[in-house]
Structure formats: C-alpha cells, structure tokens
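Peer 1: can you look at this prediction? I've put the sequence above it.
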Amino acid sequence: MQIIVTIKSFDSNLKQFDFLIPSIRSAMESVIKQLVTLEKPYININNLVAVHFTENYQEELFAFQKSIGQHAFATKNKIAEGHAQVVATKDGYHIFFSKLIPMFIVIGQFLENNSDKIDIDNLKQIVLEKKNLLRVIRHELSHVEDEDNQKSWPWFKHAFDEYNLQNILRFDAHRLWEEYYACRRSNYFYDLDGISEEINNLLSNLDKAEKEICDLRWKYNTNEIDLDTFIRLLHEYIRSAFIYCCYFMGHTDRVADDLMDKIIQTEYPSRFFHLIPDMWKALKSMVRVYPQWDNPEIYDELSSIVLHCIESFEIYPRETDEGVYYDIPPKKLMPKKEMSKEVRS
C-alpha cells in the first residue's frame with residue numbers, strides 16, 4: 001500500500017501549521033495501520049493499492065477516474081458533499097481524501113501533544129473532531145473490505161443491470177447497506193456530545209431533504225423540470241437522507257436497542273425519521289448473515305422501506321409493460337414539519 005501526499009499548503013487561516021505537512025505521509029501510514037487493527041476481526045485491506053491525500057480533492061479524483069476509464073463522480077448536492085471516496089480498479093482499490101481530513105488530524109494531534117505549552121480553550125472539541133476524522137479514514141477502509149466481499153458473490157456483478165423498479169429500489173438499498181456497514185465497522189468510540197451533535201445534524205439534513213423533494217415535486221408538476229430529472233433527483237435525495245440515517249445507525253449500533261425505543265417514542269414530524277427503527281432492524285438482519293449473501297433478495301426488506309418513503313411523497317411507482325411508470329398527482333406538498341407548524345398556529 002502506497003501513501004501519496006500532494007498537499008502543498010493548509011487553508012489560509014491555518015498556514016502557521018504548514019510545517020506539519022512533511023509529517024503527513026508517515027503519520028497517515030501509522031494511523032492506517034492502527035485503525036485497521038483496532039479490534040478483531042481486523043479490517044481486510046489486502047487489495048488496497050494506494051491512499052491519496054490530496055491538495056485538490058475533486059480535481060485529482062476526477063483526473064484519476066478518467067485515467068482508468070471511469071465516469072468522474074463525487075457526491076455533491078444540497079445536503080451532502082463528499083470528502084473521501086474509494087475507487088476500484090482492476091489492480092485493487094485507491095482511496096482519495098480531501099486535505100481537510102489529514103490537516104485537522106495532524107493539527108489536532110499537535111495541539112493535544114502540546115496542550116501544556118499552548119493555551120487552548122476548546123481542546124475537548126478539537127480532540128473530538130480528530131476522532132471523528134480518524135473514523136472517516138477507518139470508514140473508507142471498511143468500504144474497501146465490503147467491496148472486496150462483494151466481488152466474491154457470483155450474482156452481484158449483474159445484480160442491478162436490468163432497469164426495472166425492483167432493481168432501482170434494490171440499488172438504493174445496496175447504497176444504504178454500504179454506508180451502514182462502513183459506519184458500523186468504523187466506529188471505535190462513543191461520546192455523548194458527539195452523539196447529540198450527530199442527531200442534530202441528522203434531523204437538519206432530513207428536514208432539508210424533505211423540503212427539497214417537495215419543491216422538486218412541484219417543479220415537475222408545473223413543468224419546470226422533466227420527469228427524468230425529477231426521478232433522478234428524487235432517488236438521489238432519498239438516498240442521501242437515508243444515508244445520514246445510516247451514519248447515525250452505524251455509529252451508534254452497539255446501543256441500538258435503547259436508541260430505537262427512544263426514536264419510536266419521539267413524535268418528530270418527518271417522512272424519514274419514523275422509518276429509522278424498521279430500517280435499523282432490516283440492516284441488522286442483513287448483518288447476521290453477512291457476507292454469506294446468496295442473491296439480491298437480501299436487499300428486499302430495505303427496498304420496501306425505501307418504496308414506502310417514496311409513496312409518502314404521494315409518488316407511486318409501478319412496473320408496466322412499457323417500463324417503470326410514476327404516478328405523480330399534481331399537488332403542492334409541504335414538509336411534515338411545516339404542516340405541523342400550520343396545525344399548531
């Protein structure tokens with residue numbers, strides 16, 4: 001495994017820490033070795049070729065993807081922007097990281113090591129942020145392990161090839177599984193402040209996704225966007241919202257029973273939030289037989305939850321002889337949170 005660092009400088013307000021840049025390569029090599037072996041079973045990264053810590057994340061990621069004949073892609077929408085990505089090649093895997101991740105890890109470690117010499121008001125928050133970013137690295141290493149396991153399933157390579165409603169929903173479920181698995185595998189600490197912050201972040205992003213889907217639905221109803229654009233964005237935002245749910249579920253999986261009870265008892269107005277307990281149970285049932293999965297039916301319980309969510313936006317997909325048909329009655333929907341405010345007023 002190679003460690004490739006192209007970072008030339010830190011952000012303008014952190015340039016005083018540029019002296020740490022030469023240490024990144026050895027620091028990240030040590031970090032990866034420790035993260036892989038934190039607990040048994042160790043994360044399998046046998047087919048990891050290189051880890052790239054980049055000066056210009058998207059530019060370098062896109063150039064690499066194009067160089068191996070892949071479509072240039074990085075997650076970016078109104079509720080999600082990626083800072084790390086695994087790229088599969090015929091020789092193995094490469095992981096690309098934004099410089100933000102090693103930057104805050106090495107700066108955080110430096111400040112922690114010198115806390116007796118430097119007056120630092122928010123050291124606890126700095127240490128927590130460092131742990132979060134170390135978890136991001138472990139998360140991507142877990143993706144490598146999961147993708148490697150997928151290659152051992154004879155059925156997986158063509159599992160989503162046929163364009164039909166079942167496969168569309170199964171692919172959504174597959175993406176949710178990937179993020180849940182990586183979060184569940186990567187989490188190595190529990191912090192009440194961190195969990196509280198993650199819940200707040202989760203609820204905020206669920207609200208944003210719900211509003212965006214309602215707005216996009218109306219834009220389709222009023223011919224501002226075409227059907228193909230609407231359906232693509234619908235699935236993108238539903239996946240993004242549920243991926244945030246998977247982050248939360250994966251990171252808190254060891255205390256799932258207590259948290260599921262609290263979620264069931266919480267009357268938070270959302271087309272997403274109330275589905276978390278059923279989704280969590282479905283994911284846990286998948287874990288119990290992983291990685292011995294025999295066919296794509298493993299995704300079907302999760303797929304049905306995704307479909308239920310789509311229908312909660314009064315969008316009704318069905319399979320027809322001509323392909324997938326979406327029944328979208330003209331109606332200006334509001335997010336559940338806004339509806340509850342209107343009822344109270």
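Peer 2: Arrived safely.

Peer 1: for the rest of this, base every contact and every neighbour count on C-alpha atoms.
Peer 2: OK.

Peer 1: from the chain's centroid, how far away is the strand or helix carrying Lys66?
Peer 2: For Lys66, the host element (DSSP states H and E) is helix 57-67. Taking the mean of its C-alpha atoms, helix 57-67 sits 20 Å from the chain's own mean (C-alpha atoms, centre = their mean, to the nearest Å).

Peer 1: dump the helix or strand just after that helix to CSV, restricted to CA.
Peer 2: Sequence-wise, the next helix or strand downstream of helix 57-67 (DSSP H and E) is strand 84-89. The C-alpha trace of strand 84-89 is given here as CSV (Å, rounded to 0.1, in the frame of the first residue of the first chain):
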residue,chain,number,x,y,z
ALA,A,84,-13.4,10.9,0.6
GLN,A,85,-14.0,8.1,-2.0
VAL,A,86,-12.9,4.6,-2.8
VAL,A,87,-12.1,3.9,-6.4
ALA,A,88,-12.0,0.3,-7.6
THR,A,89,-9.5,-0.5,-10.4
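
Peer 1: what residues sit buried inside the helix or strand just after strand 84-89?
Peer 2: Going down the chain from strand 84-89, the next helix or strand is strand 92-98, by DSSP H and E. Neighbour-count burial for strand 92-98, counted by 16 or more other C-alpha atoms under 10 Å, picks out 93-98.

Peer 1: quick one: work out the angle between strand 92-98 and helix 57-67.
Peer 2: Following axes from the mean of the first three to the mean of the last three C-alpha atoms, to 10 degrees, one obtains 160 degrees for the angle between strand 92-98 and helix 57-67.

Peer 1: thinking again about what came up before, the helix holding Lys66 - contacts with which helices or strands?
Peer 2: strand 92-98 (3 or more C-alpha pairs under 8 Å, 6 or more residues apart in numbering; DSSP states H and E).

Peer 1: strands paired with the strand it packs on, and their directions?
Peer 2: strand 48-54 (parallel), strand 84-89 (antiparallel) (DSSP bridges).

Peer 1: now what about the helix holding Lys66, what contacts it?
Peer 2: 54, 71-74, 83, 87, 96-99 (C-alpha atoms under 8 Å, 6 or more residues apart in numbering).
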